[in-house]
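Student: Predicted model follows, preceded by the sequence.
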Protein chains: 2
Amino acid sequence: MQLSRKTVIAAAVEIIEADGVEAVSMPRLATELGCGLISLYNYVPSRNALLDAVGAEVMSGIAGTLAPQPNWQDDLRAQIRACRQVARAHPRCAMVAVSRRPAPASMARAAERALATLRKAGFGEPDAVRIARALAAYVLGSLLREAGARPGQAADDHPADADRDFEYGLDLIMQAVTARLK
Amino acid sequence: MQLSRKTVIAAAVEIIEADGVEAVSMPRLATELGCGLISLYNYVPSRNALLDAVGAEVMSGIAGTLAPQPNWQDDLRAQIRACRQVARAHPRCAMVAVSRRPAPASMARAAERALATLRKAGFGEPDAVRIARALAAYVLGSLLREAGARPGQAADDHPADADRDFEYGLDLIMQAVTARLK
DNA sequence: ACCTGAACACCGTTCAAGT
DNA sequence: ACCTGAACACCGTTCAAGT
């Protein structure tokens, strides 16, 4: 396999999902990729930078366009579900992404999009910002609860329950948000 | 200073708040405590067990009794604020606590108390459980957003903003929860 | 110019020797 | 019985030597 930045990141993603972040070591990556340990530093400046790249890679999906919904509530819901879906596709990597500072750019963009939707719905600036933050907290917290906070732990084994829990809480928040607009 | 399990844990808490979890190493703890590296293993079986102990120690405060409020809404609010307050007293350690599996017992007890309050308020079992989970997700997510998810990062420098954000979101959820009971 | 082996300064934990 | 120095098997990263 041809070594490249992409393949190094992909190998790291694989290791994280299989054994957690703590299992990602430069020696292990090298043997996994069948290359010399030092060669890795040609594609990634450090282990930390590699984890940043994993976070960015794994969350890049939420930048994708979503089918616009007839009303702003469904639009917002779709955006929030998309965040969660992308995160759940790589749960342990998602916890890594969420733990990096600064947050991956795609996550910041998603937050900005939610804010824009709230503004367009008619919320004033302070309310729109605070609602967006509350939603972000809820999504993050749900992921934390589900996937196991420690990035080195596996996901829950009752995903259907987690989905229902998530939708229930999302309903709660959206109900209050809608009521607040009137 | 007399070495004991307590002093070892306290030293770890200090290091974590100052420099993050990653800075907690057995050698550093030893020099900080002025003892031999190996002596630490007489009080703590491993670094991992030490971090578990830090999580338990730091979160033990939420087990404290709270003044009962006239209505269940204020009761629930007080419980949730207490969780957040305790966590914010040691923000970086709180992130460690939240990241441990299983969660510290005091956190589980706090969740159980919230559940009991919801039951007493008149919610049926599935609703009570889901509301409690939504609230937990919100508190966890807020901490993650504020303190910086990575346990190795410092807290925000606008705590007042964070407080207002938190109360705003809590209001939203509590409003919807109250509406759902009727 | 690119690649990488050997080396450095760290880790957590164990073993076996000391008291 | 208790304590702990030396040692082991790891890390991430750098330097300087090779091609």
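Tutor: Perfect, thanks for sending it. Numbers count the residues shown, from 1 in each chain, chains lettered A, B, ... in the order given.

Student: number of nearby residues for A:Val98?
Tutor: 25 (other C-beta atoms under 10 Å in any protein chain shown). Placement of C-beta: from N, CA and C, glycine included.

Student: just checking, next helix/strand downstream of the helix or strand where it lies?
Tutor: For A:Val98, the element it lies in under DSSP states H and E is helix A:91-99. Using DSSP H and E, the helix or strand that follows helix A:91-99 in sequence is helix A:105-121.

Student: Return the set of buried residues in that following helix.
Tutor: Of the residues in helix A:105-121, A:106-107, A:110-111, A:113-115, A:117-119, A:121 count as buried by neighbour count, 16 or more other C-beta atoms under 10 Å in any protein chain shown.

Student: Let's see the very next helix or strand once past that helix as CSV, backbone CA atoms only.
Tutor: Later in the chain than helix A:105-121, the nearest helix or strand by DSSP H and E is helix A:125-147. The C-alpha coordinates for helix A:125-147 follow below in CSV (Å, rounded to 0.1, in the frame of the first residue of the first chain):
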residue,chain,number,x,y,z
GLU,A,125,-29.3,37.4,18.2
PRO,A,126,-28.9,36.5,21.9
ASP,A,127,-31.6,33.9,21.8
ALA,A,128,-30.4,32.4,18.6
VAL,A,129,-26.9,32.0,20.0
ARG,A,130,-28.1,30.5,23.3
ILE,A,131,-30.5,28.1,21.6
ALA,A,132,-27.7,27.0,19.3
ARG,A,133,-25.4,26.4,22.2
ALA,A,134,-28.0,24.5,24.1
LEU,A,135,-28.5,22.2,21.1
ALA,A,136,-24.8,21.8,20.8
ALA,A,137,-24.5,20.9,24.5
TYR,A,138,-27.3,18.4,24.1
VAL,A,139,-25.8,16.7,21.1
LEU,A,140,-22.3,16.5,22.7
GLY,A,141,-23.7,15.2,25.9
SER,A,142,-25.7,12.6,24.2
LEU,A,143,-22.6,11.4,22.3
LEU,A,144,-20.7,11.3,25.6
ARG,A,145,-23.4,9.4,27.3
GLU,A,146,-23.8,6.9,24.5
ALA,A,147,-20.3,6.3,23.2
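
Student: tell me the domain boundaries of chain A?
Tutor: Annotated domains of chain A cover A:5-45, A:59-180 [automatic domain parsing].

Student: Tell me if the longest one is near chain B.
Tutor: Yes: under the criterion of C-beta under 8 Å from any C-beta of the partner chain, domain A:59-180 makes contact with chain B via A:98-101, A:130-131, A:133-134, A:136-142, A:144-145, A:148-151, A:153, A:164-165, A:168-169, A:171-173, A:175-177, A:179-180.
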